[in-house]
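Q: just coords:
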Ligand SMILES: CC(C)(C)CCc1c(C(=O)O)[nH]c(=O)[nH]c1=O
């Protein structure tokens, strides 16, 4: 069974990888994901120009019903140069996604100039959940700001670039963001990021479960699967076929991976369940996916991708 995918001239021998933010902040974590026999690539924690400690703990929490996670990490990362050094010195045949999340458009442009000028041979993921100007929503929810930054980026950036999108919940928003993204030669779109600003309560103490932002944080895991599938399907239906789709969100079983493929995903990322279960999650997911494909008589993922049926 060939569980493969391609994005431009990058070939993936497995379709699973981590979601940015999980098991990817240090070189040790990145090496662990790359070393797994069942991952096709790795993505770095979204980098800012300088090292960031992130928010005070507790800033991450796993719901005790296993249905999800909430986080307000605050972009803790080792800084842009650390990840540049990692990708420069790493010997691997697996493609690496270099994620960035500048705290301003200027920071993103500066990091992308450095990436353009560097020897780095990999893919770049611009995290559009990055903060916008005060008083405005995150960049991915400000369509003018999204078009503006992509216009400025593609004036100089020639390497394979994709965007990490927040989830959308309105059909007109699917139409609007796709119309903007189709104007640019994007290599991929990664959807979804966590569902922003959820709230989880500890039933024993009547207290929020994370310290930052009065307990508000991004939601991941099973709780977000239906939204993730809808965003993958809606964007696959709207985006030019030259723009590949990375499906992220709600993946805890092989069936969830299969559902992302049905909706049109080329690669599938695992965030919350990787944080909960650890590196062995990739072997379990691949085995469970293979069982489904075998049972249904598929011998290629391309026979599955985008084949979700609607009712006649
Ligand atoms: C939310 C931001 C801190 C602006 C970006 C980093 C990020 C974080 C984070 O570092 O808090 N958590 C997520 O679930 N998704 C993200 O994209």
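A: All right, it came through fine. Just so it is clear, the model here is predicted, and its values are computed rather than measured.
Q: what residues does the stretch 51-200 of the chain put near the ligand?
A: Within the stretch 51-200 of the chain, the positions adjacent to the ligand are 71, 72, 73, 74, 75, 101, 127, 129, 130, 131, 193, 194 by C-beta under 6 Å from any ligand atom. For the C-beta atoms, the positions are set from N, CA and C on the backbone; glycine is no exception.
Q: helices or strands next to the helix ranked longest in the chain in the packing?
A: Secondary structure assigned by DSSP state H gives helix 281-296 as the longest helix of the chain. For helix 281-296, the packing partners by 3 or more C-beta pairs under 8 Å, 6 or more residues apart in numbering; DSSP states H and E come out as strand 16-18, helix 254-263, strand 267-270, helix 272-277.
Q: which ones are touching the residue in the stretch 1-150 of the chain that the ligand sits nearest to?
A: Here the stretch 1-150 of the chain gets closest to the ligand at one residue, residue 73, 3.5 Å apart by C-beta to the nearest ligand atom. Neighbour list for residue 73: 21, 54, 55, 59, 60 [criterion: C-beta atoms under 8 Å, 6 or more residues apart in numbering].
Q: assign a three-state SS to it, would you?
A: Following DSSP: H, G, I helix; E, B strand; the rest coil, we place residue 73 in the coil state.
Q: give me phi/psi at it?
A: phi -60, psi -40 (degrees, to the nearest 10).
Q: start the count at 54, not 1, going forward
A: That works, and once the first residue is 54, the last one we named lands at residue 126.
Q: returning to that earlier point: buried set for the longest helix of the chain?
A: For helix 334-349, a neighbour-count test (16 or more other C-beta atoms under 10 Å) marks 334, 335, 338, 339, 341, 342, 345, 346 as buried.
Q: the fifth one reaches residue 304, doesn't it?
A: Think residue 341. No. Applying C-beta atoms under 8 Å, one finds residue 341 not in contact with residue 304, separated by 10.7 Å.
Q: so what sits against both of those two?
A: Residues touching both residue 341 and residue 304 by C-beta under 8 Å, 6+ apart: residue 310.
Q: what about the helices and strands packed on helix 334-349, which gets the closest to residue 58?
A: Closest to residue 58 of the helices and strands packed on helix 334-349, according to C-beta to C-beta: strand 320-323, at 5.2 Å.
Q: what about the residue of the stretch 254-365 of the chain found nearest the ligand, helix or strand, and which?
A: Nearest to the ligand, among the residues of the stretch 254-365 of the chain, is residue 271, at 3.5 Å (C-beta to the nearest ligand atom). Secondary structure assignment for residue 271, by DSSP states H and E: strand 269-273.
Q: elements contacting that strand?
A: strand 122-124, strand 248-252.
Q: contacts for the first one?
A: Translated: strand 122-124. By C-beta under 8 Å, 6+ apart, the surrounding residues in contact with strand 122-124 are 74, 112-116, 247, 251-253, 262-263, 270-274, 324-325, 328-329.
Q: tell me the buried residues in whichever helix or strand comes after that strand?
A: Using DSSP H and E, the next helix or strand after strand 122-124 towards the C-terminus is helix 133-142. The neighbour-count check on helix 133-142 (16+ other C-beta under 10 Å) flags 133, 135, 136, 137, 139, 140 as buried.
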